[in-house]
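**Student:** Quick one, structure for this:
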Amino acid sequence: MIWPAGVTTLLALAYGFAGLERWALQTTARAVGLGATLLAMAILVTIADRANRRERLAVDFDARPALPTQRLGLFEHVGHHD
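**Tutor:** Model (predicted):
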């Protein structure tokens, strides 16, 4: 039963961020500072994501797709009489 902790954490974070917004929107300078901080955080997350992203593999569009079903070979002995 971890969901009560998750709901409590979510509500606490939402309440904390709302308090921060209320404080920041009292003056123009604080609002600009909050906007700049949020923009900087978004840029840093994007940079970290690109740094950790792995190289994309090349896609061979000429290759045949895999069969829609898996062949297990269960009845191969029936067709081949030794």
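**Student:** what about the closest residue to residue 25 other than its chain neighbours, distance to residue 37?
**Tutor:** In this structure, residue 25 finds its nearest non-sequential neighbour in residue 31, 5.4 Å apart by CB to CB, 6 or more residues apart in numbering. C-beta coordinates here come from the backbone N, C-alpha and C atoms, glycine included. In this view, residue 31 and residue 37 are 11 Å apart by CB to CB, to the nearest Å.
**Student:** any weak-confidence spans in the chain?
**Tutor:** By pLDDT under 70, the weakly predicted segments of the chain are 65-82.
**Student:** Report the central residue of it.
**Tutor:** Nearest to the mean C-alpha position of the chain, by CA atoms, centre = their mean, lies residue 49 at 10.1 Å.
**Student:** other SSEs contacting the one helix or strand residue 50 maps to?
**Tutor:** Using DSSP states H and E, residue 50 falls within helix 28-52. Contacts defined by 3 or more CB pairs under 8 Å, 6 or more residues apart in numbering; DSSP states H and E place helix 28-52 against helix 3-24.
**Student:** now the angle between helix 28-52 and the helix it packs on, please.
**Tutor:** In terms of direction (axes from the mean of the first three to the mean of the last three CA atoms, to 10 degrees), helix 3-24 departs from helix 28-52 by 130 degrees.
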